[in-house]
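J.: coordinates for the following, if possible.
(one chain, ligands or ions: 3)
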Amino acid sequence: MQSTRSEDCLIFYAFTPENIKLRQVYNSLSDFMKNKQITDPSDRFNLIVFHKDGPNYLDHFTFDSDYILKTLKSMSKDLSKANIAGGIFIAITFIIEVYKKISEKIFRLLILVDDGAYEIPDAYLPPLQELIKVVKDMPFFIDTILIGSPYSDQAQKLLKLTNLCNGELFGINNIKDLNPTLTGLSEKKYISEPTFVKQRLRKILPDNQPFYINLADTPEPLSEITTCSICFQKDNHGIVKCPSCDNPAHEVCWAQWAEIANIGIRHVFRCHNCFNILKLDKRFVIDVQTGKIPTIAEMQKVEKKNIVDYLHELEAKIKPKIVQTDDPMALEIKAMMETKKAEPKKEIQKRRASVKICPNCSKIMMGDRKNCPSCGYVLF
Ligand SMILES: [Zn+2]
Ligand SMILES: [Zn+2]
Ligand SMILES: [Zn+2]
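T.: Ligands and ions are numbered 1, 2, ... in the order given. This next block holds a predicted model:
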């Protein structure tokens with residue numbers, strides 16, 4: 001079985017401004033997005049670029065491909081040399097945030113790069129590989145179009161990363177080949193799925209389960225009399241609310257709902273109102289689902305919401321805004337450049353770069369932090 005789910009495509013525009021001008025790729029990019037939406041109008045897009053002030057991206061994926069082009073154009077004067085490692089890190093961190101809130105998407109990172117971008121430092125290759133192994137279950141993959149030699153160190157490193165997640169690397173010699181390559185990529189991505197998907201079971205591999213469990217929010221208890229949004233009974237006992245949308249429901253009702261809405265781990269599921277990932281105690285969920293804990297009432301027919309309608313509703317309210325961030329991997333690049341300049345013959349000092357995943361909330365961050373910047377958890 002192959003998957004043809006709706007896609008959220010994050011375009012990492014890493015062409016070096018001195019080598020390739022935006023107007024040379026503008027139409028190809030426009031065609032790429034238009035073609036994709038003809039095949040599947042539910043596909044959305046986002047953008048990462050390195051600007052003179054640092055990396056930039058939009059805070060939401062958008063259905064509006066013209067908006068992506070407009071944003072790119074508005075930044076085209078101040079584009080700068082891209083740090084591929086930093087861009088991939090930012091892309092994955094952003095995609096995890098999106099995955100936490102919405103379901104039924106494939107996430108594609110499309111890297112457009114030439115020989116001029118900063119090479120991925122050796123020290124950052126292993127942590128990037130580790131990250132990709134964790135997020136590829138979403139599913140997530142990387143496709144890369146590289147204008148330049150497919151035998152360079154950079155190309156070999158990118159190939160390692162794309163291979164890890166069923167992506168592809170296309171080496172092309174000339175900007176003229178960009179259009180046909182993008183046209184090929186605008187066709188629906190088929191991902192062959194493992195056997196458990198054939199059996200209509202979603203599953204997250206055991207090694208990666210802690211990451212997805214920690215990503216989930218625990219519903220918050222409510223003590224006042226509230227109407228459960230699943231069984232519609234009023235109650236002041238055993239009712240909790242989704243921390244993302246405040247929607248209340250009985251824990252037992254949500255435990256039942258988890259049977260059809262889990263993400264591939266039995267007690268981790270999506271809220272029926274806002275798609276945010278929630279978790280309940282594993283033993284409790286199993287006991288409810290196997291009838292050991294009685295349910296309060298018959299579940300009303302809570303229908304699975306249509307994710308595409310929901311996303312259109314969200315986008316109608318607010319247009320995505322440009323987020324400017326710091327390059328998390330800039331230090332290593334600087335060190336690499338200085339070593340090269342100062343002492344070209346001296347062996348580059350072996351550094352260890354580490355990426356940490358918060359064991360409490362699954363926030364991804366660069367090493368050397370004592371507290372999680374998201375939840376404050378003490379890391380060591
Ligand atoms: Zn209920
Ligand atoms: Zn919710
Ligand atoms: Zn945390």
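J.: using the three-state scheme, assign the residue most central in space within the chain.
T.: Centrality entry for the chain: nearest residue to the mean C-alpha point is Ile95, 1.7 Å, by CA atoms, centre = their mean. At Ile95 the chain is in helix, as set by DSSP: H, G, I helix; E, B strand; the rest coil.
J.: before we move on, what about the one 3 residues further on?
T.: Secondary structure for Val98, judged by three-state DSSP, is helix.
J.: hmm, back to that, any idea how far the residue nearest to the centre of the chain lies from ligand 1?
T.: Ile95 is 33 Å from ligand 1, where distance means CB to the ion, to the nearest Å. C-beta coordinates here come from the backbone N, C-alpha and C atoms, glycine included.
J.: could you measure from that residue over to ligand 2?
T.: When Ile95 is compared with ligand 2 (using CB to the ion), they lie 20 Å apart.
J.: mind listing what the closest residue to Thr62 other than its chain neighbours touches?
T.: Nearest non-adjacent residue to Thr62, counting by CB to CB, 6 or more residues apart in numbering: Pro320, 5.1 Å away. Pro320 is in contact with 46, 58-62, 67, counting by CB atoms under 8 Å, 6 or more residues apart in numbering.
J.: the residues you listed in helices, which ones?
T.: Residues of these located in helices (DSSP state H): Tyr67.
J.: closest one of the contacts of Pro320 to ligand 3?
T.: Asp59 (20.1 Å; CB to the ion).
J.: my guess is that closest one meets Val323, correct?
T.: Yes - applying CB atoms under 8 Å, one finds Asp59 in contact with Val323, separated by 5.0 Å.
J.: show me which of the contacts of Pro320 are buried.
T.: 46, 58, 60-62, 67 (16 or more other CB atoms under 10 Å).
J.: so can I have CSV of those residues showing pLDDT and distance to Thr290?
T.: Shown next, in CSV, are the buried ones among the contacts of Pro320 (pLDDT from 0 to 100; distance: CB to CB, whole Å):
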residue, pLDDT, distance to Thr290
Asn46, 98, 42
Leu58, 97, 44
His60, 95, 40
Phe61, 97, 38
Thr62, 97, 43
Tyr67, 97, 48
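J.: restricted to strands, list the residues you listed.
T.: Counted as lying in strands by DSSP state E, out of the buried ones among the contacts of Pro320, are 46, 58.
J.: quick check, nearest of the buried ones among the contacts of Pro320 to ligand 1?
T.: For the buried ones among the contacts of Pro320, the nearest to ligand 1 is His60 (31.8 Å; CB to the ion).
J.: which residue packs closest to that closest one, ignoring adjacent ones?
T.: His60's closest residue in space is Pro320 (CB to CB, 6+ apart), at 4.0 Å.
J.: now that neighbour, what's its secondary structure?
T.: Under three-state DSSP, Pro320 comes out as coil.
J.: dihedrals phi and psi, the residue nearest to Thr62?
T.: Dihedral angles of Pro320 (phi, psi; degrees, to the nearest 10) stand at phi -60, psi 150.
J.: list the buried ones in stretch 332-342?
T.: Neighbour-count burial for stretch 332-342 [16+ other CB under 10 Å]: 332-333, 336.
J.: restricted to strands, list those.
T.: Counting by DSSP E, the buried residues of stretch 332-342 contribute nothing to strands.
J.: columns distance to Thr144 on top of the residues you listed, output as CSV?
T.: Converted to CSV, the buried residues of stretch 332-342 look like this (distance: CB to CB, whole Å):
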residue, distance to Thr144
Glu332, 20
Ile333, 19
Met336, 21
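J.: wait, which of these is closest to ligand 3?
T.: Ranked by distance to ligand 3 (CB to the ion), the buried residues of stretch 332-342 are led by Glu332 at 23.5 Å.
J.: my guess is the closest one contacts Tyr124. True?
T.: Yes - in this structure, Glu332 is within contact of Tyr124 by CB under 8 Å, at 6.2 Å.
J.: common neighbours of these two, please.
T.: Joint contacts of Glu332 and Tyr124 (CB under 8 Å, 6+ apart) are 85, 353.
J.: how about the residues of the protein that lie near ligand 1?
T.: Applying CB under 5 Å from the ion, one finds that the chain approaches ligand 1 through 228, 230-231, 250, 253.
J.: burial measure for Ala85, as a count.
T.: Applying other CB atoms under 10 Å, we find 27 residues neighbouring Ala85.
J.: helix, strand, or coil at it?
T.: What three-state DSSP gives for Ala85 is helix.
J.: against Ala330, how distant is it?
T.: Distance from Ala85 to Ala330, counting by CB to CB, to the nearest Å: 9 Å.
J.: try Ala261
T.: According to CB to CB, Ala261 and Ala330 sit 40 Å apart.
J.: more neighbours: these two, which one.
T.: Just comparing Ala261 and Ala330: by other CB under 10 Å the higher neighbour count belongs to Ala261, 19 against 15.
J.: could you find the closest non-adjacent residue to that one?
T.: With sequence-adjacent residues excluded and distances taken as CB to CB, 6+ apart, Ala261 is closest to Phe269, at 4.4 Å.
J.: would you map the helices across the stretch 51-200 of the chain?
T.: 65-75, 84-101, 125-135, 153-164, 178-185, 195-198 (DSSP state H, counting those that start in this stretch).
J.: which of the contacts of Pro320 sits closest to Tyr99?
T.: Phe61 (11.2 Å; CB to CB).
J.: hang on, that closest one packs against Asp43?
T.: No - counting by CB under 8 Å, Phe61 does not reach Asp43; the two are 9.2 Å apart.
J.: hey, what's in contact with both of those two?
T.: With CB under 8 Å, 6+ apart, Phe61 and Asp43 have common neighbours Asp8.
J.: His267 is in contact with Ile277, isn't it?
T.: No - if you go by CB under 8 Å, His267 and Ile277 don't touch, sitting 11.2 Å apart.
J.: can you work out which residues contact both of those two?
T.: Common neighbours of His267 and Ile277, using CB under 8 Å, 6+ apart, do not exist here.
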